[in-house]
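Participant: Below is the sequence, then the predicted model.
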Amino acid sequence: MGKRKKVIITERIDEEGIKLLQKHLDVDVCLDISREELLKRIHEYDAIIVRSATKVNKELISFAEKLKVVGRAGNGTDNIDLPEATKRGIIVANTPDSNTMSAAELAIGLLMAQSRNIPQANGYIKSGKWERNRFKGVELYNKTLGIIGLGRIGSLVATRMNAFGMKVIAYDPYISDERFKRFNVEKKSTLKELIEESDFITVHTPKTKETYGMIGEKEIAWMKPGIRLVNDARGGIINEKALLKGIQSGKIASAGLDVHEEEPSINNPLFELDNVIVTPHIGASTIEAQINVGVTASEQVINALNGEIVPNAVNLPTMHRDELAAMKPYIELMEKLGKIYYQLYQNPIEHVSIEYWGSIGKQDTEMSTIAFVKGLLEPVVEDKVNYINAMILAEQRGMGVEQRKMKENYDGYTDYIEIKIKTKEGTFKIGGNLSSKREGRLMNIEGYEVDVNPSKHMLFIKNMDVPGVIGHIGMVLGEEKINVATMQVGRNAIGEKALMVLTIDDAVSNKSLEKVMKKENVLSAKYVKL
């Protein structure tokens, strides 16, 4: 059993996440570690889990000789030097989905609190006063809710507010029309159009150069009188000075804010207004969200150290969870094809060209291309090859990699992947696709058509297509007590060369391969382990 890898946790995560890590790794929880001490010790660790306080910058990374993954328990990665981590082949993974439900529910709570003046009524009655008519509100039913950003949180809000009988509209130039239809949301092509039609607006967009201050004096001028606003996304997306002016003028009826331009925020003039409901950035502050954040961060670290897919790696090609689920069988197949090719040929590779045909050619295939390169390099690279460093390692070895997408079908297949590997000895081809059960299949190798589900133990035999060869191989494997699960034979013409691919239940020894090779018409026999 190999030495267990080590992870250091420098900020608090839920105990469930720590327990999960301890099943797989040696875990050091160092919540009070100083910067100086962390710099001294980081070279010991394969992984680090942080929140927002620990700075994983170029300085720290330079001392982190073994570091392979940074787990960010939370969403933002401002405290992590992504370019430097990527350059070093270090995966950075956050937990963007872990608090989405909590954030969505808080936004809805702020909407409802405003519509019925709940916090104000609560404070008034507790002060010893009673006046029912003072807190006359409005219904959400039949009102128009404008959502800025129809991502994970925005879509959850949309689904729930549709159930309230609201008309839900949204502005998000980066989201497909299909997603708008899926969530029964009317798409608005401009921010102005959304603002002019909305009775309530809730913001669910990341804070970027484009979105910072996106709602200011000009945008407030477009709003209906009596509009109500919610922001539990990021402080600064709504300009606070413009918001203050809009509320004081009576144009804006109220606002619900969980995030603020400066945090902690105490001496903020908005807080003095009775019709502004504020909370101290508690969007993720639920028991469930904190458990999810800790467990998800831990799962991602474990996946990364095992060389598996890391769904939320921020320095890998971005894929939505639905897209990743659809592409996962292709990604797994491509990694297996890479491993098969290298174990069969072991030639130094100059260039890899991957062609995606048919339906797969319409998908985001970058991760599956990386997976093939990962499979190629794993047997020859001393360090663990992962989805972030595979392309870097290929470039360092002078290996060119390109992908092409073909919308038409391939020789009758509605989806097919053909890979051409150029070496000094020539160009070799290998191809595959998915079965009707969405299982990966090896369909062609060096022009020999086969149909094999790649398995842990495989035997590839080149032979002359003459009687007696299959019987000889079966006899040898039987003598070695190796059971054959499946066998496929590909040939181009009767009596010419053929390729036999067997999936077997156990490993094949060199001695067994030598016995197979003793048959006159057996040209080569190679064992492949996946």
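Facilitator: Alright, I've got the coordinates.

Participant: Next, M458: secondary structure please.
Facilitator: M458 falls in the strand class when you classify it by DSSP: H, G, I helix; E, B strand; the rest coil.

Participant: all helices of the stretch 351-500 of the chain, in order?
Facilitator: 366-377, 390-396, 469-479 (DSSP state H, counting those that start in this stretch).

Participant: Grab the nearest non-local neighbour of N268.
Facilitator: H260 (6.6 Å; Cβ to Cβ, 6 or more residues apart in numbering). The C-beta positions use only the backbone N, C-alpha and C, and glycine is treated the same way.

Participant: most tightly surrounded among the helices of the stretch 351-500 of the chain?
Facilitator: Mean neighbour count (mean count of other Cβ atoms under 10 Å) peaks for helix 366-377 among the helices of the stretch 351-500 of the chain, with a mean of 24.

Participant: Give me the contact list for that one.
Facilitator: Contacting residues not belonging to helix 366-377 are listed as 307, 309, 316-317, 319, 324, 327, 330-342, 349, 352, 354, 356, 385-387, 390-391, 393-394, 397, 399, 401, 403, 417, 419 [Cβ atoms under 8 Å, 6 or more residues apart in numbering].

Participant: now do stretch 302-310
Facilitator: 5, 20-21, 24-25, 46-47, 68-69, 91, 93, 300, 313, 316, 324, 328, 331, 367, 374, 378, 384-387.

Participant: Just those: which are in strands?
Facilitator: Members of the contacts of stretch 302-310 lying in strands (criterion: DSSP state E): A47, V69, I91, A93.

Participant: Pull out the buried members of the residues you listed.
Facilitator: Using 16 or more other Cβ atoms under 10 Å as the burial test, the ones in strands among the contacts of stretch 302-310 include A47, V69, I91, A93 as buried.

Participant: so the third one sits right up against I388, yeah?
Facilitator: It refers to I91. Yes: counting by Cβ atoms under 8 Å, I388 is a contact partner of I91 at 4.7 Å.

Participant: Buried among the contacts of helix 366-377? Make that a ChimeraX selection.
Facilitator: A single ChimeraX command selects the buried members of the contacts of helix 366-377 (16+ other Cβ under 10 Å):
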select :307,309,316,319,324,327,330,331,332,333,334,335,336,337,338,339,340,341,342,349,352,354,356,385,386,387,390,391,393,394,399,401,403,417,419
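
Participant: Any idea which helix or strand in this structure has the lowest mean pLDDT?
Facilitator: Across the helices and strands of the chain, mean confidence by mean pLDDT, DSSP states H and E is lowest for helix 390-396: a mean of 83.

Participant: for the stretch 301-450 of the chain, what spans make up the strands?
Facilitator: For the stretch 301-450 of the chain, the strands defined by DSSP state E, counting those that start in this stretch occupy 349-358, 400-406, 415-423, 426-434, 440-445, 448-452.

Participant: Grab the longest helix from this protein for me.
Facilitator: helix 321-345 (DSSP state H).

Participant: Which strand or helix spans I201?
Facilitator: I201 belongs to strand 200-203 when assigned by DSSP states H and E.

Participant: How about that strand, which residues are buried there?
Facilitator: The neighbour-count check on strand 200-203 (16+ other Cβ under 10 Å) flags F200, I201, T202, V203 as buried.

Participant: Touching, the second one and I227? I think so.
Facilitator: Yes: with contact taken as Cβ under 8 Å, I201 and I227 are classed as touching, separated by 6.6 Å.

Participant: re earlier: name the pair among the buried residues of strand 200-203 with the greatest separation in space.
Facilitator: Greatest spacing in the buried residues of strand 200-203, by Cβ to Cβ: F200 and V203 (11.1 Å).

Participant: Mind listing the shared neighbours of those two?
Facilitator: Both F200 and V203 are contacted by L229, V230, under the criterion Cβ under 8 Å, 6+ apart.
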